[in-house]
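1. Dropping the sequence and predicted coords here.
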Amino acid sequence: KNAERYITPELKTFEDKALAAEERALAREKLLYEQLLDALQSHLAPLGAAARALAALDVLAALAERATTLNWTRPVFVAHPCIEIESGRHPVVEARLQETGAGPFIANHCRLDAKTRMVVLTGPNMGGKSTWMRQVALTVLLASIGSYVPAASCRLGPIDAIHTRIGAADDLANAQSTFMVEMTEAAAILHAASDHSLVLMDEIGRGTSTFDGLALAGAIASHLHEKNRAFTLFATHYFELTAFAEKHAGAINMHVSAAESAGHDIVFLHEVQPGPASKSYGVQVARLAGMPAAIVRQARAALDALEAQQRDTQAQVDLFAAPPPAAAATPSPLEDALADLDPDSLSPREALEALYRLKKIEP
């Protein structure tokens, strides 16, 4: 068997057929597909129209089914600027709560108009700040595409865009840190948002030092309020920013409520209420996450000491003051010497001598 191979003509013929069968099948499939494309060329217009009609029907049927099943309501559009949502809900979070049996979804209102254009939202972690902001944006988006919305009622003025800065993620492929991505997205919003836009800013400035982040958050809030004049939901853990509403007529403070019980336990109420929050309950949330008790005790003691030190040494800083005017630059001796030269009146020798004189001037 290592030296000779014995075949018969019948087996050889069968082998050739078996080996060539797949190639012939692919060639036949390609031929039939090309013939089908040729036959359809004269029917492209009606086929495209039918596909678009079926796609639109699919979307409308899905929206109608959701509106009926989930008890959504029809939005009302008005000519004046406003976002008025009564008992708004987040449909995805609501469905998840129903699936897990975790309890009913707590509906919340949102009322913005020509006089109230910004909400500074504070409150504890896990309290529902991001959920509330997202449900407002989702309600506006659904209404804008012609859908019913998950709310008891909804009145909307003209909205030209929804801009969001939510979440934290880096972009390692393009060598951008989390904070760089955050600032890039925030800058794009500041350049693009108009007085008919909805802007969501979720904890802007958290990716850098406390003072840097606080200063940037205050400046961004001022620009959105004074320059862009967009409808803005501005969630933050910087309680210093709650003073923004005291100095800006178009801003109000809101907070998501929580209750602290005996033993430092915390209960999230998920209700958006007027006024600023008292604290963030970060240590309590860490305890709920399973942080070791010794670390929680150490963090609570350090927090008490830091808060006491801040109360003793706190100096009021105006975060929202207008930027100082740029100082006029004093010309250097080299700039004065250049200003005295008249190149058109110099001979080649005089120009060379002037160049040597300029080289001797110390910057």
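-> That came through, no problem. Values in this document were obtained by computation on a predicted structure and should not be read as measured data.
2. which sections of the stretch 151-300 of the chain are below the confidence cut-off?
-> 168-175, 261-264 (pLDDT under 70).
3. cutoff 80 now
-> 167-177, 207, 209, 259-267, 278-281 (pLDDT under 80).
4. secondary structure element for Pro124?
-> Secondary structure assignment for Pro124, by DSSP states H and E: no helix or strand.
5. Contact partners for the nearest residue to it once chain neighbours are set aside?
-> Sequence neighbours aside, Tyr281 is the residue nearest to Pro124 in space, at 3.8 Å (criterion: Cβ to Cβ, 6 or more residues apart in numbering). Any C-beta I mention is one placed from the backbone N, CA and C, and that applies to glycine too. The contact partners of Tyr281, by Cβ atoms under 8 Å, 6 or more residues apart in numbering, come to 124-125, 127, 258, 260, 266.
6. hmm, try it at 10 Å
-> 123-127, 258, 260, 264, 266, 268, 287-288 (Cβ atoms under 10 Å, 6 or more residues apart in numbering).
7. Give me the buried subset of those residues.
-> Among those, those classed as buried by 16 or more other Cβ atoms under 10 Å are 123-127, 258, 266, 268, 287.
8. quick one: the residue nearest to Pro124 from Gly275, how far?
-> Separation of Tyr281 from Gly275 (Cβ to Cβ, to the nearest Å): 16 Å.
9. Thr131 too?
-> Thr131 is 19 Å from Gly275, by Cβ to Cβ.
10. just to revisit the earlier point, out of the contacts of Tyr281, which comes closest to Gly157?
-> Comparing the contacts of Tyr281 against Gly157 with Cβ to Cβ places Gly123 closest, at 27.0 Å.
11. With respect to Thr184, which of the contacts of Tyr281 is nearest?
-> Distance to Thr184 across the contacts of Tyr281 (Cβ to Cβ) is lowest for Asn125, with 24.9 Å.
12. so who does the closest one touch?
-> Applying Cβ under 10 Å, 6+ apart, we find Asn125 in contact with 203, 237, 258, 266, 268, 280-282, 284-286, 288-289.
13. out of these, which are inside helices?
-> 282, 284-286, 288 (DSSP state H).
14. circling back: which two of the buried ones among the contacts of Tyr281 have the greatest separation?
-> Every pair of the buried ones among the contacts of Tyr281 checked by Cβ to Cβ; the farthest is Gly123 and Arg287, at 17.5 Å.
15. List only buried entries from the ones in helices among the contacts of Asn125.
-> 284-286.
16. all helices of the stretch 51-200 of the chain, in order?
-> For the stretch 51-200 of the chain, the helices defined by DSSP state H, counting those that start in this stretch cover 91-100, 129-144, 178-192.
17. Mean neighbour count added to these, as CSV?
-> Putting the helices of the stretch 51-200 of the chain into CSV (neighbours: other Cβ atoms under 10 Å) gives the following:
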stretch, mean neighbour count
helix 91-100, 13
helix 129-144, 22
helix 178-192, 16
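18. could you redo the ones you listed as a markdown table and give each row distance to Asp160?
-> A markdown table is the format used below for these (distance: least, Cβ to Cβ, whole Å):
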| stretch | distance to Asp160 |
| --- | --- |
| helix 91-100 | 24 |
| helix 129-144 | 10 |
| helix 178-192 | 10 |
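19. and Gln310, which of the ones you listed is closest to it?
-> Distance to Gln310, taken as Cβ to Cβ, is lowest for helix 129-144 among the helices of the stretch 51-200 of the chain, at 23.2 Å.
20. could you give the angle of the closest one to helix 91-100?
-> 120 degrees (axes from the mean of the first three to the mean of the last three Cα atoms, to 10 degrees).
21. For helix 129-144, what is the distance to the chain centroid?
-> Centre-to-centre, helix 129-144 and its host chain are 12 Å apart (Cα atoms, centre = their mean, to the nearest Å).
22. those strands in the stretch 201-350 of the chain, which residues are they?
-> In the stretch 201-350 of the chain, the strands defined using DSSP state E, counting those that start in this stretch lie at 231-235, 251-260, 266-274.
23. Go ahead and produce CSV holding the CA coordinates of the last one.
-> C-alpha atoms of strand 266-274 as CSV (Å, rounded to 0.1, in the frame of the first residue of the first chain):
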residue,chain,number,x,y,z
ILE,A,266,-30.5,54.9,53.9
VAL,A,267,-33.8,54.5,52.1
PHE,A,268,-34.1,56.0,48.6
LEU,A,269,-37.5,57.6,47.9
HIS,A,270,-36.8,58.4,44.3
GLU,A,271,-39.0,61.5,44.4
VAL,A,272,-37.8,64.7,42.7
GLN,A,273,-38.6,67.6,45.1
PRO,A,274,-37.9,71.3,45.2
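24. check contacts around Leu241.
-> Taking Cβ under 10 Å, 6+ apart, we find Leu241 in contact with 120-122, 204-205, 214, 217-218, 221, 234, 251, 253, 276, 319-320.
25. Now do the strands in the stretch 51-200 of the chain.
-> Secondary structure of the stretch 51-200 of the chain (DSSP E, counting those that start in this stretch): strands at 76-77, 82-88, 108-113, 118-122, 153-156, 161-165, 197-202.
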